[in-house]
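*Asks:* Please find the sequence and the predicted model below.
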Amino acid sequence: MSDSDHPELPEQAVGASPTQISNPRLQEEARRALVWVSVIGFVVLAVYLAQTLLVIFGALVFAAIIDGGTRLLGRVLPIGRTWRAAIVLLFGALFAAWLVRFAGTQIAEQAAQFPQLVTTELGRLVGVLRDNGVQIGQDEIEGLATQLFTGVGSVTRAIGGVFGGLTTLLLIVIIGIYLAVDPRPYERGLSWMVPEQHRGKLADTLDHMAYSMRRLLAGRLLGMAAEGAFTYIALTLVGVPMAALLALITGILAFIPNIGAIVSGVLMVLVGFSGGTEMGLWTIGIYLAIQNFDGYVLVPMIAKKTVDLAPALVLGFQLVMGVLFGVLGLTFADPMLAMIKVALERRAHRLDNGDAEPAAD
């Protein structure tokens with residue numbers, strides 16, 4: 001066959017790649033598809049690395065607590081930041097040592113008796129339900145007890161001295177200390193990762209987020225301490241057993257609004273009824289009084305100067321984070337939601353003041 005039998009190829013097709021898209025409209029659609037694929041890939045990667053990212057966020061929360069104490073000491077102690085941070089860490093270590101040394105033995109003994117006590121009270125409750133015509137089997141009782149201990153087991157073990165997830169806790173503490181003692185290198189490194197025209201906005205947003213985080217956590221810690229102290233005093237006056245354990249559980253779970261109060265309230269009432277109906281009714285009254293004081297007096301008073309989050313939004317975000325990421329997600333849902341809110345508010349504030357976001361290249 002001669003060369004004249006082949007049709008002559010266009011000049012622009014000579015040497016072209018088979019995968020090259022020459023149509024401008026198809027090129028634009030391909031770019032859009034690449035953007036969507038990249039976004040989906042980043043989302044999948046974020047979910048895959050969720051536990052690691054939550055550990056880092058937990059370190060930021062811990063660093064904010066240290067930073068808040070360091071700034072508070074700066075009002076009365078005219079010394080360097082590193083020394084003030086060391087004092088805060090020293091007081092934290094002394095408190096942990098006191099908890100283990102003086103309260104650990106009693107709490108550990110109470111924690112060992114706790115599962116049997118709760119199981120016994122559940123059995124009594126089931127007996128009352130059966131007497132009133134409600135049919136419930138032994139398997140359902142055991143399943144209910146298992147679910148209950150699954151939800152609070154890590155808390156009771158932590159209080160009793162058997163710290164679950166020690167590696168995660170250690171990483172949060174170590175990274176948080178590094179961030180709190182000298183945050184400037186990390187702030188500079190983060191600013192270098194964004195275009196120069198956005199660095200001022202990033203610094204403004206980070207300042208507001210750090211400020212809100214400190215105040216939010218200060219309010220949380222104050223509420224936890226007050227709720228735990230009131231619970232211990234009230235339960236001791238009534239004579240409820242395991243008052244120290246219940247007070248510490250209530251104080252720790254107060255870090256998780258709404259859900260923590262429900263879990264601690266169920267445990268408190270179950271233990272209260274172990275001493276009889278009268279003690280159980282007193283326990284219900286104590287729980288309602290403390291939760292109402294905390295929910296309607298203490299927390300709103302603190303929240304006026306912190307991040308104002310709608311309770312339904314907090315609860316919904318906690319449920320989503322708990323389902324997706326477990327205990328870590330549930331624990332840090334509240335601070336994470338607050339930071340998202342602050343970031344959106346700062347962007348809206350800049351737009352309202354005519355500082356439009358520059359168009360992408």
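*Replies:* Yes, it's here.

*Asks:* Residue 64: neighbouring residues, count only.
*Replies:* 24 (other Cβ atoms under 10 Å). Using the backbone N, CA and C atoms, a C-beta is placed for each residue, glycine as well.

*Asks:* Ok, residue 272 next?
*Replies:* 28.

*Asks:* For the helix or strand hosting it, which residues meet the burial criterion?
*Replies:* Counting by DSSP states H and E, the element that carries residue 272 is helix 259-273. Using 16 or more other Cβ atoms under 10 Å as the test for burial, helix 259-273 gives 259-261, 263-265, 267-273.

*Asks:* before we move on, what about stretch 67-85?
*Replies:* So stretch 67-85, judged by 16+ other Cβ under 10 Å, has buried residues 67, 68, 69, 70, 73, 81, 84, 85.

*Asks:* tell me the contacts of the first one?
*Replies:* Contacts for residue 67 (Cβ atoms under 8 Å, 6 or more residues apart in numbering) come out as 85, 180, 183, 210, 214.

*Asks:* so can I have JSON lines of those showing pLDDT?
*Replies:* Shown next, in JSON lines, are the contacts of residue 67 (pLDDT from 0 to 100):
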{"residue": "85", "pLDDT": "88"}
{"residue": "180", "pLDDT": "84"}
{"residue": "183", "pLDDT": "82"}
{"residue": "210", "pLDDT": "86"}
{"residue": "214", "pLDDT": "87"}
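
*Asks:* Just to be sure, which of those residues are found in helices?
*Replies:* 85, 180, 210, 214 (DSSP state H).

*Asks:* mind listing what the last one touches?
*Replies:* With contacts defined as Cβ under 8 Å, 6+ apart, the neighbours of residue 214 are 64, 67, 68, 71.

*Asks:* Please apply the same query to the second one.
*Replies:* When contacts are counted by Cβ under 8 Å, 6+ apart, residue 180 is found next to 62, 63, 64, 66, 67, 70, 85.

*Asks:* so how far is residue 59 from residue 178?
*Replies:* In this view, residue 178 and residue 59 are 8 Å apart by Cβ to Cβ, to the nearest Å.

*Asks:* who has more neighbours, the two?
*Replies:* residue 59 (20 against 14).

*Asks:* Which strand or helix spans the more buried one?
*Replies:* With DSSP H and E as the test, residue 59 turns up in helix 50-74.

*Asks:* now do residue 32
*Replies:* Secondary structure (DSSP H and E) places residue 32 in helix 24-48.

*Asks:* in that helix, what's buried?
*Replies:* So, applying 16+ other Cβ under 10 Å, helix 24-48 has no buried residues.

*Asks:* any idea of the angle that helix forms with helix 50-74?
*Replies:* With axes from the mean of the first three to the mean of the last three Cα atoms, to 10 degrees as the basis, helix 24-48 and helix 50-74 are set at 70 degrees to each other.

*Asks:* check contacts around the closest residue in space to residue 335 that isn't next to it in sequence.
*Replies:* Of all residues not flanking residue 335 in the chain, residue 61 sits nearest, at 5.4 Å (Cβ to Cβ, 6 or more residues apart in numbering). Residue 61 makes contacts with 176, 213, 217, 332, 335, as judged by Cβ under 8 Å, 6+ apart.
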